[in-house]
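**Q** only geometry, no sequence info:
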């Protein structure tokens, strides 16, 4: 019983090394644990009347049984961390792109509930934002008027006006489905072009 407890005492340390430091840390921890386990088993085996060689073989078998699942655990954790890091990098890139766009970008549900809003970059020359700051309810309703599916590559384009007479503004909304529940809509101020056409 004393030998079993002494050999099993290193297991929490090995698990911690695998989770915290991955494969490299686990390798160092396994080496240290093997030396400690071998020394402890030799001393306790000699006291108990067993042969040191048989005790060492038993330690090696126990060590192998512990090392294999911990190595698999360290590999899975490393793969998960790599995937997480890649997703974080993509998220940062997408956020930077959305902040650089001069248009308002919306992530909303099919029912029109806005999940995320990026108001667009301010035009330094005009000192004004070229698109609306407050999203009108009819923007989303126009964007979801046409059923969208994730396998449709072409965006759905809708034009609408806000205001009346000289203060009227014209906007263009481009909608693309993210999945079956969410849609991305980019809203662009096309007032100058619209007035020229009129």
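**A** Here it is on my side, so go on. Predicted, not measured: the structure shown is a model, and the values here were computed from it.

**Q** for stretch 179-194, how far is the first residue from the last?
**A** Length of stretch 179-194, first residue to last, Cα to Cα, to the nearest Å: 32 Å.

**Q** For that stretch, buried residues please.
**A** Residues of stretch 179-194 classed as buried: 182, 183, 184, 185, 186, 187, 188, 189, 190, 191, 194 (neighbour count, 16 or more other Cβ atoms under 10 Å). Every C-beta, even on glycine, is put in place using the N, C-alpha and C of the backbone.

**Q** what's across from the first one in the sheet?
**A** Legend: beta-bridge partners of residue 182 under DSSP bridges are residue 109.

**Q** Return the distance of it relative to residue 154.
**A** When Cβ to Cβ, to the nearest Å is applied, the distance between residue 182 and residue 154 equals 18 Å.

**Q** how about the helices of this protein, start to end?
**A** In order along the chain, the chain carries the following helices (DSSP state H): 2-8, 11-48, 52-100, 137-143, 191-197.

**Q** could you say what helices and strands the longest one packs with?
**A** Okay, so that is helix 52-100. Under the contact criterion of 3 or more Cβ pairs under 8 Å, 6 or more residues apart in numbering; DSSP states H and E, helix 52-100 touches helix 2-8, helix 11-48.

**Q** rank those helices by pLDDT, which is bottom?
**A** Of all these, mean pLDDT reaches its minimum on helix 2-8 (a mean of 63).

**Q** Tell me where the model's unsure across this structure.
**A** For the chain, the stretches flagged by pLDDT under 70 are 1-8, 38, 40-56, 58, 121-153.
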